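**Student:** Sequence and predicted structure below; questions after.
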Amino acid sequence: MPEQYQSFMEKKIQSALISVFYKDGLDEVVQQLHKKGISIYSTGGTQSYIEKLGIPCIPVESLTDYPSILGGRVKTLHPKIFGGILGRRNVDTDLEEMKDYGIPEIDLVIVDLYPFEETVRETTDEKAIIEKIDIGGPSMIRAAAKNFRDLVVIASKSEYPVITKILEDQDGATSLDQRKDFAVKAFNVVTGYDIAISDYFNREKSSSFFFSAGNAAVMRYGENPHQKGVFFGDTQPWFTKLHGKELSYNNLVDMDAAMQLISEFSFPGQAETAGIVFAVIKHTNVCGVASRSTVKEAWDAALAGDPESAFGGVLVCNAEINKETAEAISEIFFEVLIAPGFSEDALVILQAKKNRILVQQKKPFVPAQQFKSILNGVLKQDSDEGNIEKWEEAGGKESTDSEKENLLFANIICKHLRSNAIALVKDYQLIGKGCGQTSRVDALRQAIEKARQSGFDLNGAVLASDAFFPFDDCVKMSYEAGITSFIQPGGSIRDKDSIAFCKDHGLVMIITGMRHFRH
């Protein structure tokens with residue numbers, strides 16, 4: 001290997017620049033730096049923190065010959081700082097200029113960012129929010145990440161234990177792979193930060209095509225192991241992970257579907273809408289859901305809807321999980337369990353397996369907008385809020401109170417299935433569903449077959465369709481299977497055919513005027 005490239009591989013840290021907002025966990029890092037005889041440059045509150053630990057550091061002001069000015073807005077934006085970060089150690093002219101201008105080489109940059117998102121959550125005071133837009137921090141992080149061949153950048157306190165161990169185990173030296181890995185994480189941090197700021201300023205115009213974005217979180221992989229994945233967003237307002245392994249790309253996708261579904265029903269502290277609801281989600285589709293008077297009964301009924309598909313699924317409930325239910329749930333393998341709360345006994349049972357992900361949902365999740373990447377661009381639309389625009393009794397008889405409640409329940413479930421979709425419900429339990437089919441009649445065949453496989457009696461069941469019936473074949477096939485009530489948006493030029501069949505056979509037909517395609 002040529003000599004000029006060898007110097008890129010292993011680099012010994014001789015000096016460090018530290019300027020952070022969050023100090024927790026920093027003491028172990030600076031103690032290791034001091035132990036290795038590494039010079040530390042710092043400023044402001046970070047400098048005071050380090051000096052209180054009894055560790056000497058060099059004020060940045062003594063290097064720049066400028067004090068912190070403009071109320072602290074300008075501290076590190078200086079050629080002697082950025083020259084020390086960006087100077088290429090294998091380029092002779094860079095080294096000569098650094099020597100001429102008294103610019104020291106900086107080998108380690110530990111910088112985090114002002115808490116912009118936290119401030120947005122805590123106040124509506126625009127002045128306070130603007131002051132938390134970091135300028136020097138992102139600039140130093142980008143500069144250090146760009147020059148990863150020569151130095152290390154730490155942009156998050158989550159990396160403090162990693163760099164501390166490297167300092168201790170490798171005697172202050174780092175490999176090129178390690179430096180590049182830190183650089184990738186640093187760029188992700190800055191990207192997430194910039195997105196959060198853009199999102200804030202675009203809220204009133206609704207022109208941002210990003211979710212309320214926090215620091216970018218790099219997934220182990222994307223939808224499949226050969227795909228890279230990154231999550232941009234802030235989940236903190238919606239849920240807290242209580243236990244289990246790191247959330248994966250697919251976990252987050254299914255959790256989004258689960259939380260949107262369960263948010264259609266009442267949460268603790270809200271008006272009652274459908275009692276206790278338990279649902280099982282698999283590949284974003286509902287494969288089991290039921291409403292019952294107790295959590296255990298709701299779980300049993302949801303599982304019975306499709307016990308095979310429940311394996312490895314995401315489970316969600318709108319009530320606290322108790323001990324009895326936790327014992328029953330523990331009998332199957334699942335990826336994630338989401339609920340507004342867990343009893344202490346339930347947590348003990350559920351935490352027995354270290355990889356089980358337990359999530360406490362804080363409030364209903366109803367995103368205002370939805371986004372989809374297509375053709376190297378992004379589609380944005382309003383979320384599919386609401387379930388019906390009207391309640392038109394168009395069949396051969398009017399619905400009873402029980403039929404109406406089951407039809408509304410089925411309509412909500414069908415809304416959360418991939419199109420073309422059919423949901424069959426009986427006694428507030430999903431007993432069969434067809435989803436993701438290229439024709440509506442195929443979705444119905446799938447739903448009927450699924451119900452029969454699970455041993456359900458279809459007589460008296462209700463059916464929801466996410467879009468209109470283009471022909472009367474669906475109502476005819478359903479009637480032959482024992483289904484007596486239908487709910488659909490209507491809008492077909494041949495609506496009259498399906499309506500006429502229902503009138504002739506005394507069947508309930510509800511027209512809602514609201515389609516629920518989901519692609």
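**Tutor:** Good, I have the coordinates. Residues are numbered from 1 along each chain as shown.
**Student:** Packing partners of whatever helix or strand residue 336 lives in?
**Tutor:** Residue 336 is part of strand 334-339, with elements assigned from DSSP states H and E. Counting contacts by 3 or more Cβ pairs under 8 Å, 6 or more residues apart in numbering; DSSP states H and E, strand 334-339 packs against helix 249-262, strand 313-317, strand 357-361. From N, CA and C alone the C-beta is placed, and that goes for glycine too.
**Student:** Phi, psi for residue 488 please.
**Tutor:** phi -160, psi 160 (degrees, to the nearest 10).
**Student:** Next, the contact list for it, please.
**Tutor:** 464-465, 467-469, 509-512 (Cβ atoms under 8 Å, 6 or more residues apart in numbering).
**Student:** one step back: state the mean pLDDT of the strand holding residue 336.
**Tutor:** Taken as a whole, strand 334-339 has a mean pLDDT of 95.
**Student:** and what of stretch 122-140?
**Tutor:** Average pLDDT, stretch 122-140: 87.
**Student:** still on that earlier bit, just tell me which of the helices and strands packed on strand 334-339 ends up closest to residue 143.
**Tutor:** helix 249-262 (30.5 Å; Cβ to Cβ).
**Student:** So what touches that closest one?
**Tutor:** By Cβ under 8 Å, 6+ apart, helix 249-262 touches 219-223, 229, 231, 238-239, 247, 277, 279, 281-286, 289, 313-318, 335-336, 338, 357, 359, 361, 364-367, 412-413, 416.
**Student:** Show me which of those residues are buried.
**Tutor:** Taking 16 or more other Cβ atoms under 10 Å as the criterion, what is buried in the contacts of helix 249-262 is 219, 229, 231, 238-239, 247, 277, 279, 281-286, 289, 313-318, 335-336, 338, 357, 359, 361, 364-365, 367, 412-413, 416.
**Student:** Could you list the buried residues of stretch 457-477?
**Tutor:** Quick answer for stretch 457-477 (16+ other Cβ under 10 Å): 458, 461-470, 472-475.
**Student:** So which of those residues sit within strands?
**Tutor:** Per DSSP state E, strands hold the following members of the buried residues of stretch 457-477: 462-465.
**Student:** Just name the closest of the residues you listed to residue 157, please.
**Tutor:** Once Cβ to Cβ is applied, the member of these that ends up nearest residue 157 is residue 464, at 48.7 Å.
**Student:** pLDDT value on that closest one, please?
**Tutor:** Reported pLDDT at residue 464 in the predicted model: 94.
**Student:** likewise residue 400?
**Tutor:** 94.
**Student:** Tell me the bridge partners for residue 154.
**Tutor:** Taking DSSP bridges as the rule, residue 154 bridges to residue 110.
**Student:** And it, how far from residue 29?
**Tutor:** Using Cβ to Cβ, to the nearest Å, residue 154 is found at 8 Å from residue 29.
**Student:** joint contacts of the two?
**Tutor:** 110, 160, 163.
**Student:** Excluding chain neighbours, what is closest to the second one?
**Tutor:** Meaning residue 160. In space, residue 160 comes closest to residue 25 once its chain neighbours are excluded; the distance is 4.4 Å by Cβ to Cβ, 6 or more residues apart in numbering.
**Student:** Tell me if I'm right that the one you found and residue 159 touch.
**Tutor:** No - applying Cβ atoms under 8 Å, one finds residue 25 not in contact with residue 159, separated by 9.7 Å.
**Student:** Those two - which one has more neighbours?
**Tutor:** residue 159 (22 against 14; other Cβ atoms under 10 Å).
**Student:** Strands of the stretch 151-300 of the chain, residue ranges please.
**Tutor:** Secondary structure of the stretch 151-300 of the chain (DSSP state E, counting those that start in this stretch): strands located at 152-154, 173-174, 217-218, 230-231, 239-243, 276-282, 285-292.
**Student:** Could you tell me the least trusted of the ones you listed?
**Tutor:** Among these, strand 217-218 scores lowest, at a mean of 80.
**Student:** next one: that one to chain centre, how far?
**Tutor:** Remark: strand 217-218 is offset 10 Å from the chain centroid, using Cα atoms, centre = their mean, to the nearest Å.
**Student:** So, low pLDDT: which residues of the stretch 101-250 of the chain?
**Tutor:** Counting by pLDDT under 70, the stretch 101-250 of the chain has low-confidence residues at 203-216.
**Student:** all helices of it, in order?
**Tutor:** For the stretch 101-250 of the chain, applying DSSP state H, counting those that start in this stretch gives helices covering 116-122, 126-131, 136-146, 160-169, 176-202, 249-262.
**Student:** Including mean neighbour count and distance to residue 346, could these go into CSV?
**Tutor:** CSV is the format used below for the helices of the stretch 101-250 of the chain (neighbours: other Cβ atoms under 10 Å; distance: least, Cβ to Cβ, whole Å):
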stretch, mean neighbour count, distance to residue 346
helix 116-122, 16, 29
helix 126-131, 12, 40
helix 136-146, 22, 42
helix 160-169, 17, 31
helix 176-202, 19, 34
helix 249-262, 21, 17
